[in-house]
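Novice: Quick one, what's the 3D model for this:
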Amino acid sequence: MNLWKNFVKPIVGLAPMDGVTDYVYREIQSEVAKPDVTITEFIAVEGIVRMSEGLLADFWYSAKQRPVIAQIYGNDPQLFYAAAQLACELGFDGVDINMGCPAKSVVHRGCGAGLIRTPELAKDIITATKHAVEDWYTHGINWEKWPLISGSTAKSRYLRFLGNTKSLGVENIYDDMEKINSTRRLIPVSVKTRIGFDIPVTEEWIKTIAGCDIAAIAIHGRTLKQSYSGNSNWEEIRIGVDAAKSVNSEIIVLGNGDIKDLHFAREVIANSNVDGVLVGRGTWGNPWLISEIKQDRELTLTLDEKFEVMLTHARLHEKTKPNGFVQMRKNLAWYISGIPGAAALRSELVRAKDAGEVARIISNYGRISPSTNIV
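Specialist: So this is what the prediction gives:
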């Protein structure tokens, strides 16, 4: 089942961002903006195969986030095979292969955007991932052939992870996974990548991966060397669209990079021939942006409305990560960017230890009561 063909164009999705688009971030986006598609933070295939409970928590999702795609990265086709099967078992709507992360810790191992330099390995990884989906559809996971650890150990760790997830008391996590798995389906494989390693090689590289008969490609308009500096090159993205369509006219191609407001989104969608866009950093503190792009109109929001969503975000984060509220602080700073008195408010919020403190700080700002029932 190729979900990418069911969307009304332009497709507007939430881009995966390491350390940002966790379960809670995607949940808030899905509530406020309703992206056409959401994608998890990328997870190393080796960690998935070893059933690392901490890493697998990045795969939490809810029915509200559907269609939701699991993004994975690595450099070993065999591990991609197993990781993709687990993503299928968890009920995801698609599997995305990260071939675009520029982090040195990822690239030096030949993963992420490092795969641009090893196109044959990239093709092997795509092939292994597609075979994994097809085999899972036919007969499910073969625990007896599980790599790195024994199949019995893998299965027991998987079941323990599911049990611990249910014990959190967050009703939405995997609430319809069993229903999905009762009727197996073929899910699409996609790739998120960049226009090159140190210089653009867009046409050649995009033709290479499009030729592997994948369902979709998302192209970030920077080279690996640029990381996130300079500007995203949407002319190269347009070249990538043409290259992909010349190989496979049915493939979906999305653009990504620097979409921070509705006007820019309109411009790049019109001029680059993309089927849609993935919006990333533009959603920091602004979960309404995707909704604006989808509706093609600017939204007028009160400060009270922004604070309400911020507090909802903080409360859900505290519920799912009771010992990790420090990770929420960057989101708090993003939400208040540009409002009157932001500097003073930020200095308090970045020291907040829980959602109750966030509510108190907001109350002192004079906009909302800590007792307001928002969640």
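Novice: Confirm that Ala218 sits in a strand.
Specialist: Yes. Secondary structure of Ala218 (DSSP: H, G, I helix; E, B strand; the rest coil): part of a strand.
Novice: and the gap between it and Gln295?
Specialist: Distance check for Ala218 against Gln295: by Cβ to Cβ, to the nearest Å, it reads 22 Å. Backbone N, C-alpha and C define where each C-beta goes, glycine included.
Novice: With Gly114 instead?
Specialist: 38 Å.
Novice: In terms of packing, which of these two has more residues around it?
Specialist: Between Gly114 and Gln295, counted using other Cβ atoms under 10 Å, Gly114 has the larger neighbour count: 23 against 13.
Novice: Let me know whether my guess that that one is in a helix holds.
Specialist: Yes. Assessed with three-state DSSP, Gly114 lies in a helix.
Novice: Show me the strands in the stretch 51-200 of the chain, by range?
Specialist: Here the stretch 51-200 of the chain has its strands, by DSSP state E, counting those that start in this stretch, at 68-73, 94-99, 189-196.
Novice: for the longest one, packing partners?
Specialist: It refers to strand 189-196. strand 94-99, helix 119-139, helix 202-210, strand 216-223, helix 234-247 (3 or more Cβ pairs under 8 Å, 6 or more residues apart in numbering; DSSP states H and E).
Novice: now the second one against strand 94-99, angle please.
Specialist: Counting by axes from the mean of the first three to the mean of the last three Cα atoms, to 10 degrees, helix 119-139 points 160 degrees away from the direction of strand 94-99.
Novice: Give me the contacts around helix 119-139.
Specialist: Helix 119-139 is contacted from outside by 74-75, 77-78, 80-85, 88-89, 95, 97, 99, 110, 115-116, 142, 184-187, 189, 191, 205, 208-209, 211-214, using Cβ atoms under 8 Å, 6 or more residues apart in numbering.
Novice: Please check these and keep the buried ones.
Specialist: 74-75, 77-78, 80-85, 88-89, 95, 97, 99, 115-116, 187, 189, 191, 205, 208-209, 212, 214 (16 or more other Cβ atoms under 10 Å).
Novice: thinking again about what came up before, go through the helices and strands packed on strand 189-196 and name the closest to Thr21.
Specialist: strand 94-99 (12.2 Å; Cβ to Cβ).
Novice: Pairing partners for that closest one, with directions?
Specialist: Here strand 94-99 is paired, per DSSP bridges, with strand 68-73 (parallel), strand 189-196 (parallel).
Novice: Save those strands as JSON lines, and put in distance to Ala57 and mean pLDDT too.
Specialist: Output for the strands paired with strand 94-99, formatted as JSON lines (distance: least, Cβ to Cβ, whole Å; pLDDT from 0 to 100):
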{"stretch": "strand 68-73", "distance to Ala57": "13", "mean pLDDT": "97"}
{"stretch": "strand 189-196", "distance to Ala57": "21", "mean pLDDT": "98"}
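Novice: Those into JSON lines, with extra columns for distance to Lys34?
Specialist: Shown next, in JSON lines, are these (distance: least, Cβ to Cβ, whole Å):
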{"stretch": "strand 68-73", "distance to Lys34": "13"}
{"stretch": "strand 189-196", "distance to Lys34": "20"}
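Novice: closest one to Leu311 among the ones you listed?
Specialist: Nearest of those (Cβ to Cβ): strand 68-73, 24.5 Å.
Novice: Off-centre distance for that closest one?
Specialist: Distance, stretch centre to chain centre, for strand 68-73: 7 Å (Cα atoms, centre = their mean, to the nearest Å).
Novice: then it to PDB, C-alphas only?
Specialist: C-alpha atoms of strand 68-73 as PDB (Å, rounded to 0.1, in the frame of the first residue of the first chain):
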ATOM      1  CA  VAL A  68       3.600   8.000  10.600                       C
ATOM      2  CA  ILE A  69       6.900   6.800   9.100                       C
ATOM      3  CA  ALA A  70       9.800   5.200  11.000                       C
ATOM      4  CA  GLN A  71      13.200   6.700  10.000                       C
ATOM      5  CA  ILE A  72      16.300   4.500  10.300                       C
ATOM      6  CA  TYR A  73      20.000   4.900   9.600                       C
END
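Novice: count of neighbours near Leu168?
Specialist: Neighbour tally, Leu168, other Cβ under 10 Å: 14.
Novice: Next up, the contacts around the closest residue to it other than its chain neighbours.
Specialist: In space, and not counting its chain neighbours, Leu168 is closest to Thr320: 6.4 Å by Cβ to Cβ, 6 or more residues apart in numbering. Neighbouring residues of Thr320 by Cβ under 8 Å, 6+ apart: 23-24, 60, 168, 170.
Novice: what's the most distant pair in those?
Specialist: Between all members of these, the farthest pair (by Cβ to Cβ) comes out as Val24 and Leu168, at 11.9 Å.
Novice: residues contacting the closest residue to Ala154 other than its chain neighbours?
Specialist: Leaving aside its sequence neighbours, Ala154 sits nearest to Trp146 (Cβ to Cβ, 6+ apart; 4.5 Å). If a contact means Cβ under 8 Å, 6+ apart, then Trp146 has 49, 82, 154-155 as its contacts.
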